[in-house]
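K.L.:
Provided below are the primary sequence and the corresponding predicted coordinates.
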Amino acid sequence: MPLPLIPIIIAACGAAALGAVIVLVVLNWERILNWFTGREKLKNADRDHVAFTIQEKLASGNVKTIQGIFNKRTNEIPDGIQYESETIDERLAEIHHNEPLVIYE
């Protein structure tokens, strides 16, 4: 994963209108995968599009997860969603394994 993308994607998340936060007890990998699958045409529409998830542990103990499609050329997020969950499942925890940002190319 290219490290220079971390601050750019985080800044883009702050600027993007990602809509309402979906609150869950457990965020699972299947939900993440289904969201990406539903946006496969968008992901493949531009070679500069990459899929990503960012996770942050909140002071409340919950986990904030931002999922989206990021354009490396324009530094914009054409689509994204936010979750807040009490926990994440084992598969999603394994994928992030102490990495706040995961890129799926």
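P.N.:
Noted; the coordinates are in hand. Small disclaimer: the values here were computed from a predicted structure and weren't measured. Residues are numbered from 1 along each chain as shown.
K.L.:
beta partners for V26?
P.N.:
Using DSSP bridges, the beta-bridge partners of V26 come out as T87.
K.L.:
what's around it, how many residues?
P.N.:
For V26, the neighbour count with other Cβ atoms under 10 Å is 12. Every residue, glycine included, has its C-beta placed from N, CA and C.
K.L.:
ok, now which ones touch it?
P.N.:
With contact taken as Cβ atoms under 8 Å, 6 or more residues apart in numbering, V26 is in contact with S85, E86, T87, I88, D89.
K.L.:
same question, E105
P.N.:
The contact partners of E105, by Cβ under 8 Å, 6+ apart, come to V50, A51.
K.L.:
try 10 Å this time
P.N.:
The contact partners of E105, by Cβ atoms under 10 Å, 6 or more residues apart in numbering, come to M1, K43, H49, V50, A51, F52, K72.
K.L.:
If we ignore the residues flanking it in sequence, what's nearest V25?
P.N.:
The spatial neighbour of V25 that comes closest, neighbours along the chain excluded (Cβ to Cβ, 6 or more residues apart in numbering), is E86 at 5.2 Å.
K.L.:
all strands of the chain, in order?
P.N.:
With DSSP state E as the definition, the chain shows strands at residue ranges 21-27, 49-57, 63-71, 76-88, 101-104.
K.L.:
ok and the second one relative to strand 63-71, angle-wise?
P.N.:
When you say that, I think you mean strand 49-57. Computed with axes from the mean of the first three to the mean of the last three Cα atoms, to 10 degrees, the direction of strand 49-57 lies at 160 degrees from that of strand 63-71.
K.L.:
Would you mark the buried spots in strand 49-57?
P.N.:
Burial within strand 49-57, assessed by neighbour count using 16 or more other Cβ atoms under 10 Å, is assigned to H49, V50, A51, F52, T53, I54, Q55.
K.L.:
Nice, that's everything, thank you.
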